[in-house]
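A.B. asks: Okay, sequence plus prediction incoming.
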Amino acid sequence: MKTKLSLILLAVMLLAACGPKVGPTPAGPLPPIQSSEVKVSIANFAFDPTTLTITTGTTVTWTNNDTASHNVTGDDGSWGSNSLAKGDTFTFTFTKPGTYSYHCGVHPSMKATITVAAP
Ligand SMILES: [Cu+2]
(Lines give C-alpha, C1' and ligand atoms only; values in the text may rest on other atoms or scores of the structure.)
Protein backbone atom coordinates (compact mmCIF):
# COMPACT_ATOMS: atom_id res chain seq x y z
CA MET A 1 0.00 0.00 0.00
CA LYS A 2 2.75 2.37 0.94
CA THR A 3 4.80 1.43 -2.12
CA LYS A 4 1.82 2.14 -4.38
CA LEU A 5 1.42 5.62 -2.88
CA SER A 6 5.12 6.31 -3.39
CA LEU A 7 4.86 5.30 -7.02
CA ILE A 8 1.90 7.60 -7.56
CA LEU A 9 3.76 10.48 -5.91
CA LEU A 10 6.79 9.79 -8.05
CA ALA A 11 4.64 9.78 -11.19
CA VAL A 12 3.04 13.10 -10.24
CA MET A 13 6.43 14.64 -9.55
CA LEU A 14 7.78 13.45 -12.90
CA LEU A 15 4.78 14.86 -14.73
CA ALA A 16 5.14 18.17 -12.92
CA ALA A 17 8.81 18.31 -13.81
CA CYS A 18 7.98 17.94 -17.47
CA GLY A 19 5.47 20.77 -17.36
CA PRO A 20 3.62 22.10 -20.36
CA LYS A 21 5.61 22.24 -23.53
CA VAL A 22 6.46 25.82 -24.43
CA GLY A 23 6.68 26.67 -28.09
CA PRO A 24 10.01 27.51 -29.61
CA THR A 25 11.32 30.85 -28.45
CA PRO A 26 11.35 33.21 -31.41
CA ALA A 27 14.90 34.06 -32.25
CA GLY A 28 15.03 37.80 -31.83
CA PRO A 29 17.08 39.78 -34.30
CA LEU A 30 20.55 40.55 -33.13
CA PRO A 31 21.01 44.21 -32.30
CA PRO A 32 22.50 45.91 -35.33
CA ILE A 33 26.07 46.97 -34.92
CA GLN A 34 26.65 50.06 -36.99
CA SER A 35 29.85 51.81 -36.19
CA SER A 36 31.01 52.72 -39.63
CA GLU A 37 32.29 56.17 -40.32
CA VAL A 38 32.46 57.92 -43.66
CA LYS A 39 34.34 61.06 -44.54
CA VAL A 40 33.31 63.79 -46.96
CA SER A 41 35.82 66.35 -48.09
CA ILE A 42 34.89 69.92 -48.86
CA ALA A 43 37.40 71.19 -51.40
CA ASN A 44 37.42 73.48 -54.41
CA PHE A 45 33.89 74.62 -53.61
CA ALA A 46 32.47 71.12 -53.84
CA PHE A 47 31.56 68.21 -51.63
CA ASP A 48 33.51 65.06 -52.39
CA PRO A 49 31.85 62.67 -52.92
CA THR A 50 28.70 64.41 -54.08
CA THR A 51 26.64 61.24 -53.80
CA LEU A 52 27.03 58.77 -51.03
CA THR A 53 25.07 55.73 -49.92
CA ILE A 54 25.34 54.60 -46.33
CA THR A 55 23.32 52.56 -43.85
CA THR A 56 21.54 53.86 -40.79
CA GLY A 57 23.83 54.50 -37.87
CA THR A 58 26.69 55.66 -40.03
CA THR A 59 28.48 58.78 -38.90
CA VAL A 60 29.58 61.15 -41.62
CA THR A 61 32.38 63.61 -41.00
CA TRP A 62 32.80 66.60 -43.29
CA THR A 63 36.13 68.38 -43.35
CA ASN A 64 36.56 71.77 -44.94
CA ASN A 65 39.80 71.73 -46.89
CA ASP A 66 39.15 75.05 -48.60
CA THR A 67 40.47 78.39 -47.48
CA ALA A 68 36.95 79.74 -47.84
CA SER A 69 34.41 79.00 -45.15
CA HIS A 70 31.62 76.58 -45.97
CA ASN A 71 28.83 74.88 -44.13
CA VAL A 72 26.67 71.81 -44.45
CA THR A 73 22.96 72.61 -44.67
CA GLY A 74 20.26 70.00 -45.11
CA ASP A 75 17.89 71.11 -47.86
CA ASP A 76 14.95 70.62 -45.51
CA GLY A 77 16.67 72.70 -42.84
CA SER A 78 16.39 69.97 -40.21
CA TRP A 79 20.11 69.36 -39.89
CA GLY A 80 23.36 71.04 -40.70
CA SER A 81 26.53 72.60 -39.41
CA ASN A 82 27.75 75.94 -38.31
CA SER A 83 30.20 77.78 -40.52
CA LEU A 84 33.29 75.68 -41.08
CA ALA A 85 36.61 77.45 -41.45
CA LYS A 86 39.54 75.68 -43.08
CA GLY A 87 40.31 72.50 -41.18
CA ASP A 88 37.03 72.47 -39.29
CA THR A 89 34.96 69.31 -39.20
CA PHE A 90 31.30 68.53 -38.76
CA THR A 91 29.94 65.11 -37.85
CA PHE A 92 26.39 63.86 -38.16
CA THR A 93 24.98 60.40 -37.54
CA PHE A 94 22.13 59.34 -39.82
CA THR A 95 19.67 57.24 -37.87
CA LYS A 96 16.72 57.12 -40.26
CA PRO A 97 16.61 55.76 -43.79
CA GLY A 98 15.95 58.32 -46.49
CA THR A 99 17.48 60.67 -49.01
CA TYR A 100 19.31 63.60 -47.50
CA SER A 101 20.04 66.35 -49.99
CA TYR A 102 22.23 69.12 -48.68
CA HIS A 103 24.11 72.17 -49.84
CA CYS A 104 26.43 74.87 -48.62
CA GLY A 105 24.49 77.79 -47.22
CA VAL A 106 27.20 80.18 -48.36
CA HIS A 107 27.49 78.78 -51.87
CA PRO A 108 24.13 77.32 -52.95
CA SER A 109 25.72 75.79 -56.05
CA MET A 110 27.54 73.33 -53.79
CA LYS A 111 25.14 70.42 -53.62
CA ALA A 112 25.37 66.78 -52.58
CA THR A 113 23.14 63.92 -51.54
CA ILE A 114 23.45 61.16 -49.01
CA THR A 115 21.20 58.14 -49.32
CA VAL A 116 20.64 56.31 -46.06
CA ALA A 117 19.49 52.74 -46.44
CA ALA A 118 18.27 50.39 -43.75
CA PRO A 119 21.00 47.94 -42.82
CU1 LIG B 1 30.49 76.92 -49.41
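C.D. replies: Sure thing, it's come through.
A.B. asks: Every contact and neighbour count from this point should use C-alpha atoms.
C.D. replies: OK.
A.B. asks: quick one: terminal-to-terminal distance for stretch 43-58?
C.D. replies: From its first residue to its last, stretch 43-58 covers 22 Å (Cα to Cα, to the nearest Å).
A.B. asks: Please list the residues outside that stretch that contact it.
C.D. replies: Stretch 43-58 is contacted by residues 34-38, 40-42, 64-66, 93-97, 107, 110-119 when judged by Cα atoms under 8 Å, 6 or more residues apart in numbering.
A.B. asks: Now do it, average pLDDT.
C.D. replies: Average pLDDT, stretch 43-58: 97.
A.B. asks: If we go by neighbour counts, what in it is buried?
C.D. replies: 43, 45-48, 50, 54-58 (16 or more other Cα atoms under 10 Å).
A.B. asks: Strands of the protein, residue ranges please.
C.D. replies: 37-43, 46-48, 51-55, 58-64, 73-74, 89-94, 98-103, 111-117 (DSSP state E).
A.B. asks: Distance to the ion for these - can I get that in a markdown table?
C.D. replies: A markdown table is the format used below for the strands of the chain (distance: least, Cα to the ion, whole Å):
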| stretch | distance to the ion |
| --- | --- |
| strand 37-43 | 8 |
| strand 46-48 | 8 |
| strand 51-55 | 17 |
| strand 58-64 | 9 |
| strand 73-74 | 10 |
| strand 89-94 | 13 |
| strand 98-103 | 8 |
| strand 111-117 | 9 |
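A.B. asks: Mind putting the ones you listed into a markdown table with distance to residue 81?
C.D. replies: Shown next, in a markdown table, are these (distance: least, Cα to Cα, whole Å):
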| stretch | distance to residue 81 |
| --- | --- |
| strand 37-43 | 13 |
| strand 46-48 | 14 |
| strand 51-55 | 18 |
| strand 58-64 | 10 |
| strand 73-74 | 6 |
| strand 89-94 | 6 |
| strand 98-103 | 11 |
| strand 111-117 | 14 |
